[in-house]
Structure formats: structure tokens, C-alpha cells
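Peer 1: generate a structure from the sequence data that follows.
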Amino acid sequence: MSKVGGVMVGANNMECAKQFYDAVLGEIGISALMEHPSGGRVYGGGANPMFSVVRPFNGERATAGNGSMISFSCDSPEAAAAMHAKAIALGGTCEGKPGPRGDTGFYGAYFRDPEGNKFCSFYWG
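Peer 2: You can find the predicted model right below:
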């Protein structure tokens, strides 16, 4: 069985990124664990894998991956929608309004952070 240990995204405006992720991840109980040597921050909580926002190691400008997406599992459809709403309120952009997708019990909400990274907050139950 494979397990995700962590996910990392780059940012150019680190103060904006940390404010954004402190609030958005806080919506689903994920908090800051430590500061990253790049000036970024590492987050985690409970059994959640680590999520980090950093300046790229190579010193080049951070860019969002085209076709890349990171998903956060939420405890309810309401929690997924609240995370999406928080992201939009903090300068993120909507990439798909909260709602059910298909008939599998999957409820997803899609957004981009201010740097352009794509995320999904979801509930599957």
C-alpha cells in the first residue's frame, strides 16, 4: 500500500502564501508545524500528510504546474464547501463550485491559490 507523506508547492509572495494557507488549511484542522528554511511553512495535523509552501530550491521563480492538482479530504460536504469559500475569500479563484460529482458519493470543490496552484477540497462518503 502506498501512502502520501507530503506535498509541496512553491510561492513567490511568501507572506501572502502563509496567510492564505494558515486560514484555508485551518478550515479543516491543519495547522503550521514549523517554518521552512526557505522562508516558507510546513503544515500538518493528526494523520494528515505534511503540506508545505516554499520558495523553490533552485532560486528560480515558482510556477503552478499545468495539469497538477492537490486534494484535501474533508469530514463532510459542508467542510469541503467551507474550505473552498475561505480560499475564494482570501484571493483564490474558483475552478469548480462545491457540489456532487457523478453518482459515486464524491462531493468536490475546486480552487486555485493566489499563485495559481490548483486544489480540491472533497468529501467521499
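Peer 1: nearest spatial neighbour of Glu35, chain-adjacent residues omitted?
Peer 2: Arg41 (5.9 Å; C-beta to C-beta, 6 or more residues apart in numbering). Every C-beta, even on glycine, is put in place using the N, C-alpha and C of the backbone.
Peer 1: correct me if wrong: that neighbour contacts Tyr21.
Peer 2: Yes: the pair Arg41 / Tyr21 is scored as a contact, 6.8 Å apart, by C-beta atoms under 8 Å.
Peer 1: overlap in contacts, those two.
Peer 2: Residues touching both Arg41 and Tyr21 by C-beta atoms under 8 Å, 6 or more residues apart in numbering: Val53.
Peer 1: contacting residues around the lowest-mean-pLDDT helix or strand in the chain?
Peer 2: Within the chain, no helix or strand scores below strand 48-54, which has a mean of 87 by mean pLDDT, DSSP states H and E. Strand 48-54 is contacted from outside by 3-11, 14, 17-18, 21, 25, 30, 33, 36, 38-44, 70, using C-beta under 8 Å, 6+ apart.
Peer 1: quick one: average pLDDT of stretch 117-125?
Peer 2: Over the span of stretch 117-125, the pLDDT mean works out to 94.
Peer 1: kindly apply the preceding question to stretch 95-102 instead.
Peer 2: Average pLDDT, stretch 95-102: 96.
Peer 1: repeat that for stretch 16-33.
Peer 2: Regarding stretch 16-33, the rounded mean pLDDT is 95.
Peer 1: who touches the helix or strand hosting Ala23?
Peer 2: Using DSSP states H and E, Ala23 sits in helix 14-26. The contact list for helix 14-26, computed with C-beta under 8 Å, 6+ apart, reads 11, 31-32, 38-41, 43, 51, 53, 55, 72, 83, 86-87, 90-92, 113-115.
Peer 1: of those, grab the buried ones for ChimeraX.
Peer 2: Selecting only the buried members of the contacts of helix 14-26 in ChimeraX, with burial defined as 16 or more other C-beta atoms under 10 Å, works like this:
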select :11,38,40,41,43,51,53,55,72,83,86,87,90,92,113,114,115
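Peer 1: in helices only, show me the contacts of helix 14-26.
Peer 2: Met83, Lys86, Ala87 (DSSP state H).
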